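J.: need a structure here:
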Amino acid sequence: MSAMTDGAPSKTISAEQRSVLRQICSAPERKHFEPEDYLIAFKLALVDAANHVGIPPGPERNDFLSRLVSVYIEEFFRFPSNGDGASMPTGQELPAGGA
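T.: Numbers count the residues shown, from 1 in each chain. Prediction:
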């Protein structure tokens, strides 16, 4: 997975990582789950991905994964789902890095 670096957590979320998170948040599968369940599935997959690329457990990994989860939440709620997995703009823009 090129959106995660091998073995070392980043201090920032790249444009590529944000784009991948946006794709995850707008996937058609979104409509089949409650938002909380989709978030839980994302967090479990994120831990698996971190293990897969060899990011060792510890504070740096926790901080990095927390930043990814924060961006996921921003992207998930940026546009409401229209019921078929697509998103429709609301005219509201979230500031980068803050929810």
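J.: could I have the CA atoms of whatever helix or strand Gln23 lives in written out in CSV?
T.: When elements are assigned from DSSP states H and E, Gln23 belongs to helix 15-25. What follows is helix 15-25, C-alpha atoms only, in CSV (Å, rounded to 0.1, in the frame of the first residue of the first chain):
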residue,chain,number,x,y,z
ALA,A,15,-2.3,14.6,-0.4
GLU,A,16,-2.1,10.9,-1.6
GLN,A,17,-3.2,9.7,1.8
ARG,A,18,-6.1,12.2,2.0
SER,A,19,-7.1,11.1,-1.5
VAL,A,20,-7.2,7.4,-0.5
LEU,A,21,-9.2,8.3,2.6
ARG,A,22,-11.7,10.3,0.5
GLN,A,23,-12.1,7.3,-1.8
ILE,A,24,-12.7,5.0,1.2
CYS,A,25,-15.3,7.5,2.6
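J.: which SSE is immediately downstream of it?
T.: Heading C-terminal from helix 15-25, the first helix or strand you meet, by DSSP H and E, is helix 35-53.
J.: between whatever helix or strand comes next after that following helix and helix 15-25, how big is the angle?
T.: Next helix or strand after helix 35-53 toward the C-terminus (DSSP H and E): helix 59-78. Calculated by axes from the mean of the first three to the mean of the last three Cα atoms, to 10 degrees, helix 59-78 forms an angle of 50 degrees with helix 15-25.
J.: could you list the low-pLDDT ranges of the protein?
T.: Along the chain, the model assigns pLDDT under 70 to residues 1-10, 79-99.
J.: change it to 90
T.: Across the chain, the ranges flagged by pLDDT under 90 are 1-13, 29-31, 77-99.
J.: the helix holding Gln23 to helix 35-53, inter-axis angle?
T.: For helix 15-25 against helix 35-53, the angle by the same axes, to 10 degrees is 140 degrees.
J.: from the contact counts, what lies against helix 15-25?
T.: helix 59-78 (3 or more Cβ pairs under 8 Å, 6 or more residues apart in numbering; DSSP states H and E). To be clear about C-beta, it is placed using only N, CA and C from the backbone, and glycine gets the same treatment.
J.: buried set for the helix it packs on?
T.: For helix 59-78, a neighbour-count test (16 or more other Cβ atoms under 10 Å) marks 61, 64-65, 67-68, 71-76, 78 as buried.
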